[in-house]
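Trainee: 3D model of this:
(chains A and B)
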Amino acid sequence: MEKENIAVGLDIGTTKIVAMIGKKNEYGKLEILGVGKSKSLGVARGVVNNITQTIQSIQQAVLEAETKSGYKINNVVVGIAGQHIRSIQHSDYIIRKNAEEVIAGGDIQLLIDQVNKLAMLPGEEIIHVLPQEYKIDGQSDIKEPIGMYGGRLESSFHVVVGQASSIRNVARCIQSADIELSGLTLEPLASANAVLSQEEKEAGVALIDIGGGTTDLAIFKDGIIRHTAVIPFGGNVITDDIKEGCSIIEKQAELLKVKFGSAWPGENKDNEIVSIPGLRGREPKEISLKNLSKIIHARVVEIIEQVFTEIKEYGHDDPRKKTNSWNRFNGGWRSIETHQTISGIHYRNGH
Amino acid sequence: MDTRIGYPNEHLAGNSDEEISCPLYATVVGLVMNSIENKTQSAVRLEKINEAKIVRPPKLEIIEEEIIKDDVQDTLTPAVSTSNKKNFFDLSGYLGKIKEFLDNAE
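Mentor: Numbering: from 1, shown residues only, chains lettered A, B, ... in the order given. As a prediction, the model looks like this:
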């Protein structure tokens, strides 16, 4: 049986669970063989809170992907997100025994392994150790140390840490669905991989993924990951706001948001009104679109401001760290119109 | 500052579905790309699994037939030394049984 390099990804999101089967074609591009999507029920803000429902959703998505592609899934790489994720900057070094030999991959692995043993707070686990810039015998800003001479190999690292119990819950859900777990990836990093080009990463870019339950942030500069963050607000918070603000049920609120939602109240006229059927024979409700936009606007501004605080925290104003462009897309929102207007705000607020 | 919507079509093949290059699928496309770097075979073709299952029964039949042929030869060799007529009679009976067995097996 010839061996094919078939890859499977599983995204456990707050609004949906997606399984995707793909392979690399002869041009090195990704060819998608099948996609399966199911509604995610047991996940809140990127964290599993109902194991049984999550397992069912995973099985549904996996089955759909399998029938569409004609492949049987054995193991998956899963994305991880949630408020419990935090990233730290860390610097470490090793003294090489034989400075006469050039630095090889083994030396770098040794350094990474050393960082992996870093003492964490109780209940925390390291998800990623990402080397940034290396320093060899005092010579700084080295991106590719392999093949160089030197005794002291030093590097700064971007370490992504998450709560062990949350990670284990995700792993259990996948194992219960009869699939093996082959790897964990931080969701903002996965999105960045798919969306950003190498040139953008070099110039400096911030990726913002406004999902259903969380908003993910990843900042790149000089081709290296500099900062990652997960903010526990997303599209679902907006749906909740609409639900409360207009006193309607959640399903109607979601529909309103997707069909008529806009984040810029200035675009709506006062006389645009949507009528919503009342519950149990009550009078239908009339909601003005202007009001709806105001509700969405308030929450979107809050989310964007949090993102901006996070970017400022990273040191956006520092010329060495300056990012040249922002890059955003949304997952759980499903409405391009909403999306574009959000970008609109972004200009107007002058961030 | 510049902004754009991030579509995951950066690394997708040209003939991909429009639907997949929608921002909704960006994360999962990234995860598939990470999975490719692992260089493992994460999925097996369903047809191959089915083929493997189908192949087994005919193999078993062949083995059975060989055993039966051996039996026939065994009965043939001692029979030659005694009586030819009786032996022939026995053999045809035996062959009948084999035929019956094969028919049943099929």
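Trainee: which residues does the closest residue to residue A:78 other than its chain neighbours bridge with?
Mentor: Distance criterion C-beta to C-beta, 6 or more residues apart in numbering or on different chains; nearest residue to residue A:78, sequence neighbours excluded, is residue A:10 at 4.8 Å. Bear in mind the C-beta positions are built from the backbone N, C-alpha and C, glycine included. Here residue A:10 shows beta-bridge partners residue A:19, residue A:78, assigned using DSSP bridges.
Trainee: ok, now which ones touch residue A:10?
Mentor: Going by C-beta atoms under 8 Å, 6 or more residues apart in numbering or on different chains, residue A:10 touches A:17-20, A:58, A:61-62, A:76-79, A:174, A:179, B:28, B:31.
Trainee: helices or strands next to the host helix or strand of residue A:111 in the packing?
Mentor: Taking DSSP states H and E as the definition, residue A:111 sits inside helix A:105-116. Applying 3 or more C-beta pairs under 8 Å, 6 or more residues apart in numbering or on different chains; DSSP states H and E, one finds that helix A:105-116 makes contact with strand A:86-95, strand A:124-136, strand A:152-163.
Trainee: mind listing what's buried in it?
Mentor: Using 16 or more other C-beta atoms under 10 Å in any protein chain shown as the test for burial, helix A:105-116 gives A:107, A:108, A:111, A:115.
Trainee: I'd assumed residue A:132 was in contact with the last one.
Mentor: The one in question is residue A:115. No. Assessed by C-beta atoms under 8 Å, residue A:115 is found out of contact with residue A:132, at 11.6 Å.
Trainee: the bottom helix or strand of chain B by mean pLDDT?
Mentor: Among the helices and strands of chain B, helix B:46-81 carries the lowest confidence by mean pLDDT, DSSP states H and E, at a mean of 57.
Trainee: most packed of the helices and strands packed on helix A:105-116?
Mentor: Among these, strand A:152-163 has the highest mean neighbour count (mean count of other C-beta atoms under 10 Å in any protein chain shown), at a mean of 20.
Trainee: hang on, residue A:277 packs against residue A:284?
Mentor: Yes. Using C-beta under 8 Å, residue A:277 is in contact with residue A:284, at 5.4 Å.
Trainee: Please identify which of these two sits among more neighbours.
Mentor: The neighbour comparison of residue A:277 against residue A:284 (other C-beta atoms under 10 Å in any protein chain shown) goes to residue A:277, with 11 against 8.
Trainee: How far does stretch A:297-310 sit from its chain's centre?
Mentor: Put simply, stretch A:297-310 sits 17 Å off its chain's centre (C-alpha atoms, centre = their mean, to the nearest Å).
Trainee: tell me which residues in that stretch are buried?
Mentor: Buried positions in stretch A:297-310, judged by neighbour count with 16+ other C-beta under 10 Å: A:297, A:299, A:300, A:303, A:304, A:306, A:307, A:308, A:310.
Trainee: how about the helices in chain A?
Mentor: Per DSSP state H, chain A carries helices over the ranges A:51-69, A:105-116, A:164-176, A:187-195, A:198-203, A:235-246, A:250-260, A:289-314, A:336-348.
Trainee: which ones are touching residue B:22?
Mentor: Going by C-beta under 8 Å, 6+ apart, the list of residues near residue B:22 reads residue B:7.
Trainee: thinking again about what came up before, quick one, the helix holding residue A:111 and strand A:86-95 angle?
Mentor: Taking axes from the mean of the first three to the mean of the last three C-alpha atoms, to 10 degrees, one finds helix A:105-116 and strand A:86-95 inclined to each other by 130 degrees.
Trainee: how about helix A:105-116 as CSV, C-alpha atoms only?
Mentor: The C-alpha coordinates for helix A:105-116 follow below in CSV (Å, rounded to 0.1, in the frame of the first residue of the first chain):
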residue,chain,number,x,y,z
GLY,A,105,19.9,20.9,15.0
GLY,A,106,20.6,18.8,18.1
ASP,A,107,21.9,21.9,20.0
ILE,A,108,18.8,23.8,19.3
GLN,A,109,16.6,20.8,20.3
LEU,A,110,18.6,20.7,23.5
LEU,A,111,17.9,24.3,24.2
ILE,A,112,14.2,23.9,23.4
ASP,A,113,14.0,20.8,25.7
GLN,A,114,15.5,22.9,28.4
VAL,A,115,12.8,25.5,28.0
ASN,A,116,10.2,22.8,28.0
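Trainee: who touches that helix?
Mentor: Taking C-beta under 8 Å, 6+ apart as the rule, helix A:105-116 contacts A:90, A:92-94, A:96, A:126, A:129, A:131, A:145-146, A:153, A:155, A:157, A:159.
Trainee: now the residues you listed in JSON lines, with distance to residue B:101?
Mentor: Formatted as JSON lines, the contacts of helix A:105-116 follow (distance: C-beta to C-beta, whole Å):
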{"residue": "A:90", "distance to residue B:101": "74"}
{"residue": "A:92", "distance to residue B:101": "74"}
{"residue": "A:93", "distance to residue B:101": "77"}
{"residue": "A:94", "distance to residue B:101": "73"}
{"residue": "A:96", "distance to residue B:101": "74"}
{"residue": "A:126", "distance to residue B:101": "65"}
{"residue": "A:129", "distance to residue B:101": "66"}
{"residue": "A:131", "distance to residue B:101": "70"}
{"residue": "A:145", "distance to residue B:101": "73"}
{"residue": "A:146", "distance to residue B:101": "69"}
{"residue": "A:153", "distance to residue B:101": "75"}
{"residue": "A:155", "distance to residue B:101": "74"}
{"residue": "A:157", "distance to residue B:101": "72"}
{"residue": "A:159", "distance to residue B:101": "70"}
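Trainee: could I get those as CSV with distance to chain B and pLDDT?
Mentor: Converted to CSV, the contacts of helix A:105-116 look like this (distance: C-beta to the nearest C-beta, whole Å; pLDDT from 0 to 100):
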residue, distance to chain B, pLDDT
A:90, 22, 89
A:92, 24, 90
A:93, 27, 90
A:94, 25, 89
A:96, 27, 87
A:126, 17, 90
A:129, 15, 90
A:131, 16, 88
A:145, 21, 87
A:146, 18, 88
A:153, 24, 89
A:155, 21, 91
A:157, 19, 90
A:159, 18, 91
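Trainee: what separates residue B:96 from chain A, distance-wise?
Mentor: Using C-beta to the nearest C-beta, to the nearest Å, residue B:96 is found at 43 Å from chain A.
Trainee: Show the end-to-end separation of stretch A:285-294, please.
Mentor: Terminal residues of stretch A:285-294 lie 18 Å apart, using C-alpha to C-alpha, to the nearest Å.
Trainee: quick one: buried residues of that stretch?
Mentor: Neighbour-count burial for stretch A:285-294, counted by 16+ other C-beta under 10 Å, picks out A:287, A:288, A:289, A:290, A:291, A:292, A:293.
Trainee: wait, doesn't residue A:205 sit right on residue A:223?
Mentor: No. The criterion here is C-beta under 8 Å, and residue A:205 misses it with residue A:223 at 10.4 Å.
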